[in-house]
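Colleague: Would you be able to build a 3D model of this:
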Amino acid sequence: MTVHTARRATMDDVARLADVSKATVSAVLNSSAAVREDTRDRVLSAIAMLNYRAQHAPNGRRHAERGASLGLIIKEVDNPYYAEVILGARDVAEEYGYTLVVASSEGQHEVERRAVHALRGTGIEGLMLTPVLDETADLAHLFDIKRRNIPLVLLERVRGLRASLVDVDNVRASRLAADYLIARGHKRLAHFAGPAYSMHSEERVHGVRLALAGASHVVLTDNDIVTAGAHLADGYRAALTYFGARNATSRATGVTCYNDLVAIGVYRALAELRLRVPDDVSVIGFDDISLAEYAAVPLTTVRMPKRRMGGLAAQMLIQQIHSHTVLEPRGEMLESELVERASVATLPNGQPAARRRVGERS
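Modeller: You can find the predicted model right below:
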């Protein structure tokens, strides 16, 4: 049962509903080990039912109290993709009077856990997060955020966690890139995949495989799904290994990449191997960071609405903070589009493909 209140719930309300003292509520909020587990569960249930939060923001569209802040945890501090997400979130945060506090996990779930703990210690009103999701990740800290009714918006889906989400359909976006190569006559493809800690990497691999499932004349073997990563050096090393070990008849003529940084790393490896883009190998990135347009061969890529994602995540988070009642988790899937530049060649029998947004039917 969900309890709605006409005013914002207080610690006294939580104590009465849970049939405990205010001191016990405070102990639960401060993660004291002295509280019995059944009592802790009762207090946390009351917190969720009353939509209680220890620190309050004003209602409606009024600005936050002086010093109020929002947290954002990204995964790669050196990735320009996140710079635009941060700028979008900061613009909205400042519009409402909040300070945005940013931390980076660098793809390590223990660092993410510590960052969550540190931001909670600063008294943030709510948290936006790009989670570390490899198969060994312990996500207890994220589920604890939900149990404690701390407003949360994810920028990447976590299976089993009911939380608001801002993302794009990465499967469709990646399939769009592979379809583009196929339409231009490429019959052997490769995909340079992202890090294991990203659900987006798994989704983008799936998108490429779906494109190939509908094109029986195109080859993509398991060896053509190349583990790279998220950084320039990752793409460079992976491409040196892949292309350096193959002759013209056994290598891909078209490559899709996890992100633009990987693609630009691939560029350097191809140059060292004396392979030309796009004459010998066509390359497509993902994200459309500013560097993509200014590469030696301007990079064809899937444009992500980065600033819009950050801004919308902040809006959704502030809506949770301002609400007197429990809000159902909300999902927003934004559009991406393929940006055609100079890094893809049309091979014999290929047809130039018209630009399409993700979600449009071919």
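Colleague: Does residue 274 lie in a helix or a strand, and which?
Modeller: Assigned by DSSP states H and E, residue 274 falls within no helix or strand.
Colleague: Count the neighbours of it for me.
Modeller: The tally of other residues near residue 274 (other Cβ atoms under 10 Å) stands at 7. C-beta: built from backbone N, CA, C; applies to glycine.
Colleague: cool, residue 306 as well?
Modeller: Per other Cβ under 10 Å, the neighbour tally for residue 306 reads 21.
Colleague: any idea how the protein splits into domains?
Modeller: With automatic domain parsing as the criterion, the domains of the chain are listed as 11-50, 69-168+306-334, 170-304.
Colleague: can you tell me the distance between the two ends of the second one?
Modeller: Read that as domain 69-168+306-334. By Cα to Cα, to the nearest Å, the extent of domain 69-168+306-334 from end to end equals 26 Å.
Colleague: can you give me the strands in this structure?
Modeller: Remark: strands assigned in the chain by DSSP state E are 69-74, 99-104, 126-129, 152-154, 164-168, 189-193, 225-227, 254-257, 282-287, 300-303, 331-334, 337-339.
Colleague: what residues does the helix or strand bottoming out on mean pLDDT in the chain touch?
Modeller: Every helix and strand in the chain was compared by mean pLDDT, DSSP states H and E; the lowest is helix 22-29, with a mean of 72. Contact with helix 22-29 is made by 11-12, 14-15, 18, 34-35, 39-40, 43-44, 54, 148, as judged by Cβ atoms under 8 Å, 6 or more residues apart in numbering.
Colleague: farthest pair in those?
Modeller: Across the contacts of helix 22-29, the longest distance by Cβ to Cβ is 21.1 Å; it joins 12 and 34.
Colleague: which one of those two has more residues nearby?
Modeller: residue 12 (10 against 7).
Colleague: How much space separates that one from residue 119?
Modeller: Between residue 12 and residue 119 the computed distance is 27 Å (Cβ to Cβ, to the nearest Å).
Colleague: With residue 292 instead?
Modeller: From residue 292 across to residue 119, the span is 31 Å (Cβ to Cβ).
Colleague: go on, residue 205?
Modeller: The value you get for residue 205 to residue 119, if Cβ to Cβ is used, is 32 Å.
Colleague: Quick one, grab the pLDDT at residue 59.
Modeller: Residue 59 is assigned 38 on the pLDDT scale.
Colleague: before we move on, what about the one 4 residues further on?
Modeller: For residue 63, the model assigns a pLDDT of 49.
Colleague: do residue 255 as well
Modeller: 98.
Colleague: let's have the chain start at 45 instead
Modeller: Understood, numbering begins at 45; the last thing we discussed is residue 299.
Colleague: hey, what's it bridged with?
Modeller: Beta-bridge partners of residue 299, counted by DSSP bridges, are residue 234, residue 327.
Colleague: Distance of it relative to residue 306?
Modeller: Separation of residue 299 from residue 306 (Cβ to Cβ): 10 Å.
Colleague: Count residues in the vicinity of the closest residue to residue 146 other than its chain neighbours, would you?
Modeller: Spatially, and ignoring its direct neighbours in sequence, residue 146 is nearest to residue 116 (4.9 Å; Cβ to Cβ, 6 or more residues apart in numbering). Neighbour count of residue 116, defined by other Cβ under 10 Å: 28.
Colleague: give me the beta-bridge partners of residue 116?
Modeller: Counting by DSSP bridges, the residues bridging with residue 116 are residue 146, residue 172.
Colleague: got a list of what it touches?
Modeller: 129, 130, 133, 144, 145, 146, 147, 171, 172, 173, 354.
Colleague: so the fourth one touches residue 132, yeah?
Modeller: No. With contact taken as Cβ atoms under 8 Å, residue 144 and residue 132 are classed as non-touching, separated by 10.2 Å.
Colleague: Kindly point out which residues are neighbours of both of those two.
Modeller: Here residue 144 and residue 132 have residue 358 as joint contacts, going by Cβ under 8 Å, 6+ apart.
Colleague: State the number of residues packed around the residue nearest to residue 231 when sequence neighbours are not counted.
Modeller: In space, and not counting its chain neighbours, residue 231 is closest to residue 262: 5.3 Å by Cβ to Cβ, 6+ apart. Neighbourhood size, residue 262 [other Cβ under 10 Å]: 18.
Colleague: Please report phi then psi for residue 262.
Modeller: Main-chain dihedrals, residue 262, degrees, to the nearest 10: phi -110, psi 140.
Colleague: Next one, pLDDT for residue 401 please.
Modeller: For residue 401, pLDDT reads 44.
Colleague: Comparing the domains of the chain, which comes out most buried?
Modeller: A comparison of the domains of the chain by mean neighbour count, using mean count of other Cβ atoms under 10 Å, puts domain 214-348 on top with a mean of 21.
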